[in-house]
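Participant: I'll drop the sequence and a predicted model, then ask my questions.
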Amino acid sequence: MRNPNSSDKPRTVATSSTATDDSGERLQKVLARIGLASRREIEEWIRNGRITLNGTYAKLGDRYHAGDRVTVNGRAIDLDNRTGEPTRVLLYHKPIGEVVTRRDPEGRPVIFTQLPRPTRGRWIAIGRLDINTQGLLMVTTNGELANRLMHPSQEIPREYAVRVLGNIEDKVLDRLSKGVELEDGPARFDTITAAGGEGANRWFHVMLREGRNRIVRRLWDSQGVTVSRLIRVRFANIDLPPRLRARTFMELPQEQVNYLLKLVDLIPEADSTHTAKSSPKKSSTGRAKQAQHQRKPERR
């Protein structure tokens with residue numbers, strides 16, 4: 001497909017029926033909702049000429065109507081049949097050492113290899129945790145839901161358990177509550193609660209309403225405090241389940257999925273029976289051993 005930003009003269013194609021129509025829904029939102037990618041990613045695909053609408057390159061602002069023809073990378077997408085698919089959300093307990101990406105050039109383990117493959121679309125991470133942070137990470141098949149939950153305007157609360165080194169003076173906690181200036185603007189914790197500790201270590205629970213890169217560590221670093229362990233324990237009103245071990249997942253019930261949808265002004269959905277087993281993905285070696293263990297002995 002020829003990139004619309006190319007200097008080559010483009011071929012003549014039909015004009016999109018949505019060019020001057022304010023009805024319908026923005027194309028990137030529809031494609032995000034069925035789980036092709038997050039809305040930001042799809043907007044980039046549109047800029048790069050990877051999506052067509054009714055035979056012409058899509059533009060940001062184009063709207064989708066029932067019956068429109070859409071292709072992504074030359075492949076037709078049947079949106080009329082896919083827009084009614086249920087939203088699925090998994091909770092995953094990310095361990096230290098895994099990265100929240102699909103492919104890592106350094107060969108580090110990625111979270112998506114631990115998750116079951118959805119029947120359609122793909123899992124989209126709702127925010128990120130850095131490689132040295134563990135805890136609650138949510139993924140969804142609804143890219144529009146992911147985009148809205150990550151957007152700074154929503155101010156979704158995030159709670160972390162933080163282990164720091166040494167005794168922390170009250171004036172340090174006071175500054176972190178009132179706000180400090182970081183290289184990318186002011187930041188603060190909404191709440192800081194002491195949670196005990198032993199030896200040289202102290203635990204705190206902190207809550208804030210933004211997801212800037214490494215924001216929790218950078219806030220403590222600004223006060224010369226070393227964070228030795230960081231665990232996300234809550235996102236919105238969804239807690240990290242106590243029995244959800246590292247590298248395991250569970251699927252949210254419809255009631256909690258609808259809570260997240262309504263939280264960001266999306267329409268709640270009817271109950272769906274499509275759920276994933278709450279267990280880690282087994283390796284091929286593990287499956288082979290299990291099959292061997294269950295094989296009946298031969299008669300002699």
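Facilitator: Sure, I can see it.

Participant: What is the neighbour count of Leu208?
Facilitator: By other Cβ atoms under 10 Å, the residues close to Leu208 number 21. (Glycine included, C-beta is placed from N, CA and C.)

Participant: For it, name its beta-bridge partners.
Facilitator: Following DSSP bridges, Leu208 is listed with bridge partners Arg158.

Participant: can you check Lys94 too?
Facilitator: Gly135.

Participant: do you know how far it is from Gly185?
Facilitator: Using Cβ to Cβ, to the nearest Å, Lys94 is found at 27 Å from Gly185.

Participant: Who has more neighbours out of these two?
Facilitator: Comparing Lys94 with Gly185 by neighbour count (other Cβ under 10 Å), the higher total belongs to Lys94, at 26 against 8.

Participant: Could you double-check that the more buried one sits in contact with Ile111?
Facilitator: Yes: between Lys94 and Ile111 there is a contact under Cβ atoms under 8 Å: 5.8 Å.

Participant: Next, show the common contact partners of these two.
Facilitator: Here Lys94 and Ile111 have Val100, Leu137 as joint contacts, going by Cβ atoms under 8 Å, 6 or more residues apart in numbering.

Participant: Show me what Thr71 is bridged to.
Facilitator: What pairs with Thr71, by the bridge criterion (DSSP bridges), is Thr52, Ala76.

Participant: My error: substitute Phe235 in the last question.
Facilitator: Beta-bridge partners, per DSSP bridges, of Phe235: Arg158, Ile238.

Participant: show me what contacts it?
Facilitator: By Cβ under 8 Å, 6+ apart, the contact list for Phe235 reads Ile126, Gly127, Leu136, Met138, Ile156, Pro157, Arg158, Glu159.

Participant: Neighbours of the second one, how many?
Facilitator: Pointing back at Gly127 there. Gly127 has 17 nearby residues by other Cβ under 10 Å.

Participant: Give me the secondary structure label for Phe204.
Facilitator: strand (DSSP: H, G, I helix; E, B strand; the rest coil).

Participant: rewinding a little: neighbour-wise, give me the winner out of the contacts of Phe235.
Facilitator: Going by other Cβ under 10 Å, Ile126 tops those with 27 neighbours.

Participant: what helix or strand is Asn258 on?
Facilitator: helix 254-263 (DSSP states H and E).

Participant: Work out the gap between that helix and the centre of the chain.
Facilitator: 15 Å (Cα atoms, centre = their mean, to the nearest Å).

Participant: Whichever strand or helix holds Met250 packs against which elements?
Facilitator: If you go by DSSP H and E, Met250 is part of strand 249-251. With contacts taken as 3 or more Cβ pairs under 8 Å, 6 or more residues apart in numbering; DSSP states H and E, strand 249-251 sits against strand 89-94.

Participant: returning to that earlier point: only the buried residues of the helix holding Asn258, if you could.
Facilitator: Gln254, Val257, Asn258, Leu260, Leu261 (16 or more other Cβ atoms under 10 Å).
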